[in-house]
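In: Predicted structure and sequence below. I'll ask about it afterward.
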Amino acid sequence: MEFNKEFDASGLACPLPIVKTKKALADMSSGHVLRVIATDPGSVCDMVAFAEQTGNALLEQSTENSKFVFYLRKA
């Protein structure tokens, strides 16, 4: 999937992946896609809730090399 910006939250524990994802999205234009990489298993549920609460679309989530990868489109 194409993306405009990537943020690597590997090694960060809750709530830092969400806090830093929010900050990364703030610097982006509406409609742009952010790719987030995380290692915290809690980020799977957190990212779904974050997308629902903020109106940003969670386009895809997957696992690559024991890391969680999320694609969010800024509202």
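Out: Yep, it's here. Residues are numbered from 1 along each chain as shown.
In: quick one: pLDDT of the residue of the chain most remote from its centre?
Out: In terms of distance from the mean C-alpha position of the chain, Asn65 ranks first, at 16.8 Å (CA atoms, centre = their mean). For Asn65, the pLDDT comes out at 92.
In: quick one: contacts for it?
Out: Under the criterion of CB atoms under 8 Å, 6 or more residues apart in numbering, Asn65 has no neighbours. Yep, even glycine has a C-beta here, placed from its N, CA and C like the rest.
In: Quick check: phi and psi at it.
Out: Dihedral pair for Asn65: phi 50, psi 50, per degrees, to the nearest 10.
In: so which strand or helix has Pro17?
Out: Secondary structure from DSSP states H and E places Pro17 in helix 16-26.
In: Which strands and helices lie in contact with that helix?
Out: strand 5-9, strand 33-38, helix 43-54 (3 or more CB pairs under 8 Å, 6 or more residues apart in numbering; DSSP states H and E).
In: at 10 Å instead, please
Out: With contacts taken as 3 or more CB pairs under 10 Å, 6 or more residues apart in numbering; DSSP states H and E, helix 16-26 sits against strand 5-9, strand 33-38, helix 43-54, strand 67-73.
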